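S.K.: sequence plus predicted model, see below.
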Amino acid sequence: INNIIDFETFQMNYNMMVQKYLKENGYENNFINLYSNISKLEPTNEEEKNIIKYFQTKKDNYQPNIMNGLVILNTQIPSLGLQNVGATCYMNSTLQCLIHVKELSEILLSAFYLKYPLGDSNLYEKHKLTAEYVNILKNVFFPKFYGNESPCFAPYKFKELVGELNPLFSGIAANDAKDLLQFILERMHSELKMAMQYFSDYNIDQTNELQSKQYFYQSYVFQNNSPFLSYLFGIIKIQTKCLKCNIIKYNFQSYNLLYFPLKESKKFAIVKKKEENKDFNEDNYILNLEDCFMYNEKVEYFTGDNSMYCNICNSLQDANYQSMLYCTPTVLAIVLNRGRGNLDFQEKFIFGTELNIEKYLHNEEKKGKYYLMSMVVHFGESNMSGHFMAYCRMDKDSKWFCYNDAFVSECKNFEQIMEKGTPYILFYHQE
C-alpha cells in the first residue's frame, strides 16, 4: 500500500494505534471490527484524540473490518446495486464484476478510505478515476458508514469523469461493456503505476528467449508496478519464425483482457474436429471455452505480399507467427466477441465454473486452475444496444448474486443461467 499512496502522519499514527490495540488484546491473527472497539483505545496525544473522535462519529452497523491495518471485506454480504444514470447498464455491470475482485478492492479501500473523508485535492488530481472508483467501493460496501441511506448508489461523478477523460463515454448514448472495461483498467493502472527500479534501455538478441523475457520484465513490468498489474495483467509470448533460415525471434507483451472471436473460433474448432473424424457433423456443434483457447494459440502464416522482413536473411521472407499465453493473472478476464447480429448474441456457448488452462501456459510454473468469479451477460441485438447485467460472487464459497443496475437479488438458479450460455465477459479467479 505504501507503494500506491504516500501515507501522511495522520494515517501512519492511526495504523500504529491499530497495531497497538491488536497486539495488546491478542488479535494479531484474527479479524477485528475496530470501530466497535474504538472506545477501548487510549489516546496518548491530541492527534490520537481527534482520530478517535472522528471514527466515533462514523460508528454504525456497516463498518469496515480491519486486520493489521487493512480493510477486510465480508464475502457473504452482497454489495449495493448501482443506479442507472442514463443508459449506463454497460457501466454498472462492468463495475460490479471489477468490484468483486476482492483483493484489489481491499487494497484500494485500505489505501484511500482514510484519506478521502478528510479531503486532499492534490492526491485527488493525481488519481482522479481511481479516487472516484474507490468512492463507489466505499458506498457499495459500507453505505451507512459513509452516509448513504439509499438501497443503491448512483455513480454520477464516475460516469461524468469517464466521459471527460474519454469522449467515447460522454453523453447518454449506450456503449460497449468491454470498451469501458479496457479503458478503466488502463487508466487506473496508469494513475497508480510506479517504477520499482531504474532502467536504461539496451539492445538484446531477440533469438534468445531468456534475454527477451528479462528485457520485458526490466523495461515494462518493473517500470509499471501497480495493483492492477499484479491482479489483472498477464503476459503473452510471441514467436516469429523465418521459413527460410528457420530462426525464431521472441517477444513478450502484457495484456489485461483476452479477446476470443467466437465465429472464427468455431470455424477453427470444426476444421479440427473434421480432421480427427471425417464423419463429424457440424450442424449442432456448440462452441466451448476450450475451443477458444485452442484458436488463441494457432499458428498464422505470412506469405507472398504479406511476407515479413528477416534481418538474418536481410530480405522479405515467408514466416509464421504464434501468440501464446506465458503468464496468466490472478483474475483472468475473457471477452467473448460475439459479432453484431442478434443471432450471434443469442448463440449458445459452453463454459464452466471450473477452468484448467495449464496445457496452454508456456512457462515453467503452470498456474492455470481457475474458478468462475463473475460475468457480464447481454440481452439484445448487439453489444451497443439491449441490456447488460452481471452475476457475481466474492469468492469460491460465496453465494451468487444477480446485479441488474440498482436491483440485487440472490441467484439460486445459477446453473440454469449457465445453461443459457449467453455470457459476454467472463472473470475467472486463480485457485
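M.R.: Cool, got the structure.
S.K.: give the rounded mean pLDDT of stretch 417-431.
M.R.: Averaging pLDDT along stretch 417-431 yields 87.
S.K.: and that stretch, how far out from the chain middle?
M.R.: With C-alpha atoms, centre = their mean, to the nearest Å as the basis, stretch 417-431 stands 14 Å off its chain's centre.
S.K.: give the buried residues for that stretch.
M.R.: For stretch 417-431, the neighbour count (16 or more other C-beta atoms under 10 Å) marks 417, 418, 421, 422, 423, 424, 425, 426, 427, 428, 429, 430 as buried. For the C-beta atoms, the positions are set from N, CA and C on the backbone; glycine is no exception.
S.K.: that stretch: end-to-end distance?
M.R.: 23 Å (C-alpha to C-alpha, to the nearest Å).
S.K.: same check on stretch 93-111?
M.R.: Using C-alpha to C-alpha, first and last residues of stretch 93-111 are 24 Å apart.
S.K.: how about stretch 144-154?
M.R.: First-to-last residue span, stretch 144-154, C-alpha to C-alpha: 14 Å.
S.K.: give me the distance from it to the chain's centre.
M.R.: 25 Å.
S.K.: which positions in it come out as buried?
M.R.: Result for stretch 144-154 [16+ other C-beta under 10 Å]: buried residues 145, 146, 148, 152, 153, 154.
S.K.: what's the separation between the last one and residue 83?
M.R.: It refers to residue 154. 4 Å (C-beta to C-beta, to the nearest Å).
S.K.: low pLDDT regions in the chain?
M.R.: Under the criterion pLDDT under 70, the flagged ranges of the chain are 1-69, 112-124, 196-197, 339-346, 381-385, 421.
S.K.: tell me which element the nearest residue to residue 127 once chain neighbours are set aside falls in.
M.R.: Excluding the flanking residues, the one nearest residue 127 by C-beta to C-beta, 6 or more residues apart in numbering is residue 191, at 4.7 Å. Residue 191 is part of helix 177-192, with elements assigned from DSSP states H and E.
S.K.: list the buried ones in that helix?
M.R.: In helix 177-192, counting by 16+ other C-beta under 10 Å, buried: 177-185, 187-189, 191-192.
S.K.: just checking, what packs against the very next helix or strand once past it?
M.R.: Per DSSP H and E, the first helix or strand lying C-terminal to helix 177-192 is helix 209-219. For helix 209-219, the elements it packs on are strand 248-255, judged by 3 or more C-beta pairs under 8 Å, 6 or more residues apart in numbering; DSSP states H and E.
S.K.: of the buried residues of stretch 144-154, which pair is most distant in space?
M.R.: 145 and 154 (17.5 Å; C-beta to C-beta).
S.K.: now the helices for the stretch 301-431 of the chain?
M.R.: For the stretch 301-431 of the chain, helices defined by DSSP state H, counting those that start in this stretch occupy the ranges 342-346, 414-420.
S.K.: what helices and strands are in contact with the longest one?
M.R.: Contacting helix 414-420 under the criterion 3+ C-beta pairs under 8 Å, 6+ apart is no other helix or strand.
S.K.: who touches that helix?
M.R.: 348, 351, 352, 353, 377, 391, 400, 411 (C-beta atoms under 8 Å, 6 or more residues apart in numbering).
S.K.: quick revisit: okay if I get the buried residues of helix 177-192 as TSV plus distance to residue 292?
M.R.: Shown next, in TSV, are these (distance: C-beta to C-beta, whole Å):
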residue	distance to residue 292
177	18
178	15
179	20
180	22
181	18
182	18
183	23
184	24
185	21
187	27
188	27
189	25
191	32
192	31
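S.K.: thinking again about what came up before, which of the contacts of helix 414-420 fall in strands?
M.R.: Counting by DSSP state E, the part of these found in strands is 377, 391.
S.K.: out of the contacts of helix 414-420, which are buried?
M.R.: 351, 377, 391, 400, 411.
S.K.: what's the closest of those residues to residue 165?
M.R.: After measuring these against residue 165 - C-beta to C-beta - the closest member comes out as residue 377, at 26.8 Å.
S.K.: ok, the closest one - contacts?
M.R.: Residue 377 sits in contact with 93, 388, 389, 390, 391, 417, 422, 423, 424, where contact means C-beta under 8 Å, 6+ apart.
S.K.: try it again at 7 Å.
M.R.: Residues in contact with residue 377 (C-beta atoms under 7 Å, 6 or more residues apart in numbering) are 389, 391, 422, 423, 424.
S.K.: residue 268 contacts residue 298, correct?
M.R.: Yes: counting by C-beta atoms under 7 Å, residue 298 is a contact partner of residue 268 at 6.4 Å.
S.K.: those two: which has the busier surroundings?
M.R.: residue 268 (18 against 13; other C-beta atoms under 10 Å).
S.K.: quick one: that one from residue 195, how far?
M.R.: Residue 268 is 40 Å from residue 195, by C-beta to C-beta.
S.K.: and if you look at residue 160?
M.R.: On the measure of C-beta to C-beta, residue 160 and residue 195 end up 31 Å apart.
S.K.: also residue 306?
M.R.: From residue 306 to residue 195 the distance is 38 Å (C-beta to C-beta).
S.K.: can you pull up the most central residue in the chain?
M.R.: residue 232 (4.5 Å; C-alpha atoms, centre = their mean).
S.K.: ranges for the strands of the stretch 301-431 of the chain?
M.R.: In the stretch 301-431 of the chain, the strands defined using DSSP state E, counting those that start in this stretch lie at 308-310, 315-317, 319-327, 331-337, 354-356, 369-379, 387-392, 401-404, 407-410, 423-430.
S.K.: paired strands for the second one, with orientation please.
M.R.: With DSSP bridges as the test, strand 315-317 is paired with strand 308-310 (antiparallel).
S.K.: and the partner strand, what's buried?
M.R.: 308, 310.
S.K.: for stretch 239-250, same thing?
M.R.: For stretch 239-250, using 16+ other C-beta under 10 Å, the buried residues are 239, 240, 241, 242, 247, 249, 250.
S.K.: among these, which two are most distant?
M.R.: 242 and 250 (13.1 Å).
S.K.: how far away is residue 86 from residue 405?
M.R.: From residue 86 to residue 405 the distance is 11 Å (C-beta to C-beta).
S.K.: neighbour-wise, which of the two wins?
M.R.: residue 405 (21 against 12).
S.K.: three-state assignment of the nearest residue to residue 398 once chain neighbours are set aside?
M.R.: Nearest-residue entry for residue 398: residue 75, 4.8 Å, with adjacent residues in sequence omitted and distances by C-beta to C-beta, 6+ apart. Using DSSP: H, G, I helix; E, B strand; the rest coil, the structure places residue 75 in coil.
S.K.: could I get the buried residue list for the strand or helix carrying residue 271?
M.R.: Taking DSSP H and E as the definition, residue 271 sits inside helix 262-276. Across helix 262-276, burial judged by 16+ other C-beta under 10 Å covers 262, 265, 266, 268, 269, 270.
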